[in-house]
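Student: Based on what follows, work out the 3D shape:
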Amino acid sequence: MNPFPDDIFTEPEDVDPDTLANLGPLRRMAGVWEGRKGIDLNPKAEGPQRREYIERIELQPIDPQANAPQLFYGLRYHIHILATDEDPTFHDQVGYWLWEPATGLVMQTLTIPRGQVAIASGQATTDATSLVLTAERGQTEYGICSTAFLEYAFRTDSYRIEVSFNGDGSWSYISDTMLTVRGQSEPFRHRDRNTLVKVAEPAPNPLIQMGKR
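Tutor: Next up is the predicted model:
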C-alpha cells in the first residue's frame with residue numbers, strides 16, 4: 001500500500017517554526033557533545049586494529065524542511081575525531097539527523113571526506129529511549145554510495161547505528177559497518193562506540209533567532 005498522499009505539491013500550513021520544540025526523540029541530542037572513551041575496530045592487512053579516540057559532535061537545529069506535504073525537523077551535525085595516539089584528524093563527518101513527526105521516521109544522512117555518503121533510516125516514538133537506523137548498499141531509498149576505489153578495496157555493504165539515551169543526560173552509540181575487504185574471505189565488522197557528554201547547549205534555529213531580534 002502506498003503511504004503517500006495523492007497531492008504531492010501542497011506544503012503543510014501553520015508549521016511551528018520552533019525546531020527544538022518539535023524534534024521528538026532527537027531533542028536529547030541537540031547541543032555540543034564530547035566523548036573521551038571512543039573505541040574503533042578497523043581492518044588492516046595484519047588483522048583488526050583497535051584504536052582509542054576522542055570525539056566532539058556539534059548538533060544544531062535547522063529550520064523546518066518540507067518535501068511538499070512531508071515535513072521534517074532536524075539537526076545539522078559535525079563530528080570531529082582524534083585518535084589518542086596521534087595529532088592528525090582520525091575521522092571527520094557532516095550531515096543531518098531528521099525527524100518526521102507525522103510518521104515517526106528518523107533519518108541520519110552522513111558524508112565523509114573520503115568519498116562516501118549514506119542515508120540511514122529507522123522508526124521511533126517521541127519519547128523513545130533508543131534509536132536504531134540502518135542503510136544498505138544497493139538501495140535507492142536508504143542506501144550507501146562510495147568511490148570506485150572504496151567499492152574495489154573496502155566495499156561497504158551495510159551500516160547500522162544504535163543510539164541509547166542515558167539517565168544522566170548523556171547518550172551513547174554503537175555503529176557497525178559491514179565491509180567486504182579485498183583479499184579477505186569473510187566480511188569485516190567495522191565497529192565504533194562512544195558515550196557523549198554535553199558541553200554546550202544548542203542555539204535556536206535561524207527562524208526563532210530572527211524573531212528575537
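Student: And the contacts of the helix or strand that Met210 is a member of?
Tutor: In this structure, Met210 sits in helix 206-211 according to DSSP states H and E. Residues outside helix 206-211 that contact it (C-beta atoms under 8 Å, 6 or more residues apart in numbering): 17-20, 62-64, 203. C-beta coordinates here come from the backbone N, C-alpha and C atoms, glycine included.
Student: And for stretch 124-136?
Tutor: For stretch 124-136, using C-beta under 8 Å, 6+ apart, the contacting residues are 24-25, 101, 104, 106-108, 118-122, 142-144, 157-165.
Student: Now with 7 Å, please.
Tutor: Stretch 124-136 has contacts (C-beta atoms under 7 Å, 6 or more residues apart in numbering) with 24-25, 104, 106, 108, 118-122, 142-144, 158-165.
Student: cool, stretch 150-159 as well?
Tutor: Residues from elsewhere that reach stretch 150-159 (C-beta under 7 Å, 6+ apart): 115-116, 118, 120, 134-137, 144, 146, 177-182, 187.
Student: Narrow these to those in strands?
Tutor: 116, 118, 120, 134-137, 144, 146, 177-181 (DSSP state E).
Student: The protein: helices as residue ranges?
Tutor: Assigned by DSSP state H, the helices in the chain fall at 148-153, 206-211.
Student: In the first one, which of the residues would be classed as buried?
Tutor: By neighbour count, and taking 16 or more other C-beta atoms under 10 Å as the criterion, the buried residues in helix 148-153 are 150-151.
Student: If I look at the most centrally placed residue in the chain, what pLDDT would I see?
Tutor: Centroid-nearest residue in the chain: Gln108, 3.9 Å away (criterion: C-alpha atoms, centre = their mean). Gln108 carries a pLDDT value of 98.
Student: Pairing partners for it in the sheet, please.
Tutor: Applying DSSP bridges to Gln108 gives these bridge partners: Trp97, Ala120.
Student: Look up how far Gly47 lies from it.
Tutor: Distance, Gln108 to Gly47, by C-beta to C-beta, to the nearest Å: 30 Å.
Student: quick one: which of the ones in strands among the contacts of stretch 150-159 has the most company?
Tutor: For the ones in strands among the contacts of stretch 150-159, the largest neighbour count, defined by other C-beta atoms under 10 Å, is 26 neighbours, found at Ala135.
Student: what bridges to that one?
Tutor: With DSSP bridges as the rule, Ala135 is bridged to Tyr159.
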